[in-house]
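Asker: Provided below for reference: sequence and predicted model.
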Amino acid sequence: DAGVTQSPTHLIKTRGQQVTLRCSPKSGHDTVSWYQQALGQGPQFIFQYYEEEERQRGNFPDRFSGHQFPNYSSELNVNALLLGDSALYLCASSLGQVGINQPQHFGDGTRLSIL
Amino acid sequence: GESVGLHLPTLSVQEGDNSIINCAYSNSASDYFIWYKQESGKGPQFIIDIRSNMDKRQGQRVTVLLNKTVKHLSLQIAATQPGDSAVYFCAEKATGNQFYFGTGTSLTVIP
């Protein structure tokens, strides 16, 4: 049973560049959430996708955008990168619609470093 | 915004002892809670969850207690093992399906 997979595992970018991170959900899951985790902090919710639409969004600027594909995989795009965007980006998948209490299962993340 | 906090940032226990990790939450409307374990270089790993209509739930070597009166959550780990060393997060869900995480408690098991 494949868990949540993310790619790439590490990435180095410079300020102003754009980045795309990818996530494949756990087998059987249809909902994908993205989180940003700064060093020494808990994950912070960016947004959630279900049925190829953004269903809920956290307190992140429009530079952060996403997409969900018909096979439930998802991408996170960040434009105009800032030094403060350096973090571990986590993808979590779950089953069910917004509001249903289901556990989210996480991948091991993409470590993004901005120079 | 939501606030999920932990009483102790670090906890050291002897191997074989029981561990208790505490978490305070601020939103009385939160209806679902999850404990996660995160090892270095890994993503958070689901341990156990509890819904707000329950006050206790048990898993393998772990028990979660929920006190809605004081908005407090705890994770008890029985017979703590070196492999339990990690950072533990509690996460709460209030509106929609957005989870709020605390800053974590680092558990160190002393052999």
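Answerer: On my side now, so go ahead.
Asker: Just checking: what are the partner strands of the helix or strand bottoming out on mean pLDDT in chain A?
Answerer: Every helix and strand of chain A was ranked by mean pLDDT, DSSP states H and E. The lowest is strand A:53-57, at a mean of 92. Using DSSP bridges, the strands paired with strand A:53-57 are strand A:44-50 (antiparallel).
Asker: quick one: contacts for residue A:5?
Answerer: The contact partners of residue A:5, taken as C-beta atoms under 8 Å, 6 or more residues apart in numbering or on different chains, are A:23-24, A:107. Any C-beta I mention is one placed from the backbone N, CA and C, and that applies to glycine too.
Asker: one more time with 7 Å, if that's ok
Answerer: Counting by C-beta atoms under 7 Å, 6 or more residues apart in numbering or on different chains, residue A:5 makes contact with A:24, A:107.
Asker: roughly how far apart are it and residue A:48?
Answerer: Applying C-beta to C-beta, to the nearest Å, the value for residue A:5 to residue A:48 is 18 Å.
Asker: returning to that earlier point: which positions in the very next helix or strand once past the least confident helix or strand of chain A come out as buried?
Answerer: Per DSSP states H and E, the first helix or strand lying C-terminal to strand A:53-57 is strand A:64-68. Going by neighbour count (16 or more other C-beta atoms under 10 Å in any protein chain shown), the buried part of strand A:64-68 is A:64-66, A:68.
Asker: now swap in stretch B:30-49 and tell me
Answerer: B:30-38, B:43-44, B:47-49.
Asker: ok, and of the residues you listed, which contact chain A?
Answerer: Counting by C-beta under 7 Å from any C-beta of the partner chain, B:31-32, B:34, B:43-44, B:49 from the buried residues of stretch B:30-49 sit close to chain A.
Asker: Most widely separated two among the residues you listed?
Answerer: Pairwise distances across those (C-beta to C-beta) peak at 24.2 Å, for the pair B:31 and B:43.
Asker: quick one, what contacts whichever residue of chain A sits closest to chain B?
Answerer: Relative to chain B, the nearest point of chain A is residue A:42 (3.3 Å; C-beta to the nearest C-beta). Residues near residue A:42 by C-beta under 7 Å, 6+ apart: B:89, B:101-104.
Asker: about what we covered before: including secondary structure, pLDDT and distance to residue A:72, could the ones next to chain A among the buried residues of stretch B:30-49 go into CSV?
Answerer: Listed next are those as CSV, based on DSSP: H, G, I helix; E, B strand; the rest coil; pLDDT from 0 to 100; distance: C-beta to C-beta, whole Å:
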residue, secondary structure, pLDDT, distance to residue A:72
B:31, coil, 91, 25
B:32, strand, 93, 22
B:34, strand, 95, 21
B:43, coil, 96, 18
B:44, coil, 97, 20
B:49, strand, 96, 22
